[in-house]
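Participant: Turn this into a structure:
(one chain, ligands or ions: 2)
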Amino acid sequence: MSLLAEVWFDIFSRICERCGGHCCYEAHPPLTEERIRRISASTDIGGRIEQNGYRRLRVREDGFCIILNHTRCLINAEKPETCRAGPFTFDIRNGKLEIYLKKESICPLVGHLKYYPEAYRHQYEHALCHLISLIKGLPPAELAEILKVDEPETEKVAEIPLQDLS
Ligand code: SF4
Ligand code: SF4
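Facilitator: Ligands and ions are numbered 1, 2, ... in the order given. Modelled structure (predicted):
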């Protein structure tokens, strides 16, 4: 990780800690085979995964992700791609990968990203990289199920033709 990336990662982590993991509520992050393998190398998550059209992390009775411990993600170093990409998210329509940004009203990090263009660019590129990796790592049937999930309170910020994805 570059020095700049480390600085931004540290700042983002502190903002997220203060927020308390709002985006971990009803999150159900999807899991590729590779992600399950990487998380399982350090954490027993077998009983925390469910299949509901796609493999994903379960939530607790209070609605928060089963991996969240107070305000901390127990698998931070290996957390799923959609968690890494936040507050950016995605859809695929008409042969294009669409990138969305959550509204500031549901994610305090967004205001900081909009205020610091360099941080925005850094997190956008980071998110894009992880979202492409997720899309390529999922079986097509599971990806199709994920694309049915609505992401309210977001705005579209980019469109990339699928054939341009490296
Ligand atoms: S909602 Fe935004 S600020 Fe809060 S934990 Fe998630 S990414 Fe961080
Ligand atoms: S894996 Fe971690 S970051 Fe992702 S939703 Fe669960 S607790 Fe939150």
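
Participant: Next, count neighbours for the nearest residue to I49 once chain neighbours are set aside.
Facilitator: In space, and not counting its chain neighbours, I49 is closest to R55: 5.8 Å by C-beta to C-beta, 6 or more residues apart in numbering. (Glycine included, C-beta is placed from N, CA and C.) Around R55 sit 18 other residues, with neighbours defined as other C-beta atoms under 10 Å.

Participant: Relative to ligand 1, how far out is R55?
Facilitator: Applying C-beta to the nearest ligand atom, to the nearest Å, the value for R55 to ligand 1 is 22 Å.

Participant: Please identify the helix or strand for the residue most central in space within the chain.
Facilitator: With distances taken as C-alpha atoms, centre = their mean, the chain has T82 as the residue nearest its mean C-alpha position (1.9 Å). Secondary-structure assignment from DSSP states H and E places T82 in helix 81-85.

Participant: Tell me which other helices or strands whichever helix or strand comes after that helix touches.
Facilitator: If you walk from helix 81-85 toward the C-terminus, the next helix or strand you reach (DSSP H and E) is strand 88-93. Applying 3 or more C-beta pairs under 8 Å, 6 or more residues apart in numbering; DSSP states H and E, one finds that strand 88-93 contacts strand 96-102, helix 117-137.

Participant: ok and the first one relative to helix 117-137, angle-wise?
Facilitator: Taking axes from the mean of the first three to the mean of the last three C-alpha atoms, to 10 degrees, one finds that strand 96-102 is oriented at 130 degrees with respect to helix 117-137.

Participant: Tell me if stretch 67-79 is near ligand 2.
Facilitator: Yes. In this structure, stretch 67-79 sits against ligand 2 according to C-beta under 6 Å from any ligand atom; the contacting residues are I67, L68, C73, I75, K79.
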